[in-house]
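Visitor: Any chance you can model this:
(one chain, ligands or ions: 1)
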Amino acid sequence: MNNHVTILEIDAKSIQHNLAYFKQKLKPETKILAVVKAFGYGSESTEIAKLLEDKVDYFAVAYSNEGIILREAGIKTPILVLHPQIQNLKDIVKHRLEPSLYNFKIFDAFLKLADEKPLMNYPVHIKFNTGLNRLGFWHSDTPTLISELKKSNNIKVESIFSHLAASEDPNEQEFTIGQINNFAYIVKQIYQHLGYKPMIHILNTSGVINYPQAQFDMVRIGIGLYGFANNKNETAQLKNTHSLKSVISQIHIIQPGETVGYNRAFVASKPTRSATIPIGHADGISRKLGNKEGFVFINNTPVPIIGNVCMDMIMVDVSKIECNEGDEVILFNHQKHIEYMAHKCETIPYETITAISQRIKRVVKH
Ligand SMILES: *Cc1c(COP(=O)(O)O)cnc(C)c1O
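Guide: Sure, this is the predicted structure:
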C-alpha cells in the first residue's frame, strides 16, 4: 500500500522505448552500456537495472557503493565503476565490480591488490583524458601503462575509454572530432603492443546522436534512457520517464492584503484561493521556482507557485480553477515541464531530475 502522497513515478515502458530508440541508431554489433549512476538519474537504480539487464551489455555507476547496491539486488551484468577511490578497491573486488583506472596511483594500488589476492585476469577499464580534463591517463602515459599491463596476469583490460567534453554542442565539433581522433590514435598504439584487443568506447548520449561514426565497440547511454537528448528534435522522439506527482493538502481563501508563506512574499490583491502541496525545497523543488517563476498542473491547468518555496511545502494560486483538497497535482510529467523547470533554475534537466530527493517515494510503473 502506498501511503506516500508525493511520488516520483518512473515509467518502465518509456525507458524501454528510449533504449530501443538508441539501439536502432547503432550498428547491430555495437554493445550498450546503460548508465545508472545517481539512482538511475534520480529514478530507481535497482528496478531500472533489473528492467534493462537482459537488454544491455553493461551498467555503469559513478561510485562503488552504487554498484554494491546493484549486486546486492541480484544484478549479474558487468558493472563499470567510473570513479573508484583507492579506499574502495577491496569492496569493488568483493562484489565483482569493474574499476575504471584513471591514473597510476589507482592503477598501482589495484595491481598491488590483484597481486596479493591473487586475482587472475580481473576485468579493469583504462580511462584516457582526451580534453575533458577531469579523470584519465594522459596520452604520454601509454608506454609505461603498456609495459605494466604486459607484466601482469592478475588484471585484464576489458575496455579502453574516454569521455567527450561537449558532444551536444555543434560549435565544438572540431574539438570533439579532435578528441575522437586522439583517442583512436591512443587505442591504435595500445592494440599494437598489448597483444589483445580490449573493447573501446567514447560516446555518451549526445555522442551517439552527433558522432555515430565513433561508436567503436560500445556506447554509454545515460540521460537518453531517461528521456532527454540535449537536442529538441531528438528529445521529441523520446518518451518521458520521470513524473512527479502530489496532492492538495489544504485550500485557504484569503482576502486582499493578506499574505501567503514565509516573509509574506505573496500579497493578495484580490480574494485568492491558495492550495498547499506537500513538496518543498528539501525534495528538490528549488526556491528559484517560488514567486510565480514555477507552476504545477491541477486538473490539467497550470497554476503558479506563490510566495517562497518552503522546505516541505509549496503554495499555488488556484483562484481561477475548480479543485478540492485531495486532488492530484502534477509537478511535471513531460520533458517540456522538466526543461522549463531546469531553465527557470538556470540549470539542465540532468540536475533537475537527479535533485529529486530520496525522501520522495519512487514508484516504477510497468
Ligand atoms: C555520466 C556519464 C555518461 C553518461 O552521459 P549522458 O550524457 O548522460 O549520456 C557517460 N560516460 C561517463 C564517463 C559519464 O560520467
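
Visitor: Can you spell out which helices and strands pack onto the helix or strand hosting residue 110?
Guide: Using DSSP states H and E, residue 110 falls within helix 104-116. Under the contact criterion of 3 or more C-beta pairs under 8 Å, 6 or more residues apart in numbering; DSSP states H and E, helix 104-116 touches helix 89-94, strand 98-101, helix 142-151, strand 155-162. Placement of C-beta: from N, CA and C, glycine included.

Visitor: Out of the ones you listed, which is the most enclosed?
Guide: Stretch with highest mean neighbour count among those: strand 98-101 (a mean of 24; mean count of other C-beta atoms under 10 Å).

Visitor: The host helix or strand of residue 209 and the ligand, any residue contact?
Guide: Element membership of residue 209, judged by DSSP H and E, is helix 205-210. Yes - on the criterion C-beta under 6 Å from any ligand atom, helix 205-210 is in touch with the ligand at 205, 206.

Visitor: what pairs with the helix or strand following that helix, and is each one parallel or antiparallel?
Guide: Sequence order places strand 218-221 as the next helix or strand after helix 205-210, per DSSP H and E. Within its sheet, strand 218-221 is paired with strand 31-35 (parallel), according to DSSP bridges.

Visitor: and the partner strand, anywhere near the ligand?
Guide: Yes - Strand 31-35 reaches the ligand (C-beta under 6 Å from any ligand atom) through residue 35.

Visitor: Quick check: mean pLDDT of that strand?
Guide: Here strand 31-35 scores 98 as its mean pLDDT.

Visitor: got the contact list for that strand?
Guide: Strand 31-35 has contacts (C-beta atoms under 8 Å, 6 or more residues apart in numbering) with 19, 22-23, 26, 41, 48-49, 52, 55-61, 80, 199, 201, 204, 217-222, 225.

Visitor: cutoff 7 Å now
Guide: Contact partners of strand 31-35, identified using C-beta atoms under 7 Å, 6 or more residues apart in numbering, comprise 23, 52, 56-60, 80, 199, 217-222, 225.

Visitor: The ligand contacts on this protein?
Guide: Counting by C-beta under 6 Å from any ligand atom, the chain comes close to the ligand at 35, 37, 82, 163, 204, 205, 206, 220, 221, 222, 223, 224.

Visitor: And the third one, how close does it get to residue 166?
Guide: Between residue 82 and residue 166 the distance, using C-beta to C-beta, to the nearest Å, works out to 19 Å.

Visitor: Give me the more crowded residue out of these two.
Guide: residue 82 (21 against 16; other C-beta atoms under 10 Å).

Visitor: Please verify my assumption that the more buried one contacts residue 60.
Guide: Yes - shown here, residue 82 and residue 60 form a contact pair, counting by C-beta atoms under 7 Å, at 5.6 Å.
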